[in-house]
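[1] A predicted structure for the sequence below; I have some questions about it.
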Amino acid sequence: MDTLDMLIFYSFNLGIFTLVFFIAGMIKPKWPLFFMNEPTRFLVVGITTVMIMVVLTMYGEGNRKIRAEQERLERFKMVGTSQEPETPNPSEVKPKKTKPKKQVAPEDEIPQFDSMQDAIKAFEKKQ
């Protein structure tokens with residue numbers, strides 16, 4: 001059995017167990033809850049509700065995983081036999097010519113001023 005089908009398989013098994021638990025609990029609550037002193041039918045209904053939520057979640061997740069796996073396989077068939085992109089041969093690749101980076105001259109650095117008036121004067125001189 002495939003591992004993707006396991007969630008669905010176990011959800012059916014747990015669903016059958018939940019149904020038996022519910023029927024037995026509604027007939028005589030002492031049978032499924034034998035370890036309790038005074039079990040009630042309301043407690044059986046509560047436990048059954050939680051177990052149904054677990055069963056439905058397991059079934060839904062199993063279907064989701066199977067659908068995702070099928071989509072992945074379809075994409076794999078469309079792409080081809082290789083999942084990895086082809087890398088070019090180093091002898092075929094021409095090196096790119098890049099321009100050297102502009103070096104910052106000391107004059108281009110941001111000056112530090114003691115007051116706002118000094119900054120305004122320096123700005124006016126540059127214009």
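    Alright, I've got the coordinates. Residues are numbered from 1 along each chain as shown.
[2] now the helices for this protein?
    In the chain, the segments counted as helices under DSSP state H are 6-27, 41-79, 116-126.
[3] what's the most buried one of those helices?
    Stretch with highest mean neighbour count among these: helix 6-27 (a mean of 15; mean count of other C-beta atoms under 10 Å). (C-beta placed from N, C-alpha, C; glycine too.)
[4] show me what that one is packed against.
    Judged by 3 or more C-beta pairs under 8 Å, 6 or more residues apart in numbering; DSSP states H and E, helix 6-27 is in contact with helix 41-79.
[5] and the direction of the helix it packs on versus that of helix 6-27, what angle?
    If you take axes from the mean of the first three to the mean of the last three C-alpha atoms, to 10 degrees, helix 41-79 sits at 170 degrees to helix 6-27.
[6] roughly how far out does helix 41-79 sit from the chain middle?
    16 Å (C-alpha atoms, centre = their mean, to the nearest Å).
[7] where does the chain have low pLDDT?
    1-4, 79-95, 102-111 (pLDDT under 70).
[8] 50 instead?
    Along the chain, no part satisfies pLDDT under 50.
[9] that older thread, could I get the helices of the chain as CSV with distance to K101?
    Formatted as CSV, the helices of the chain follow (distance: least, C-beta to C-beta, whole Å):
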stretch, distance to K101
helix 6-27, 56
helix 41-79, 39
helix 116-126, 25
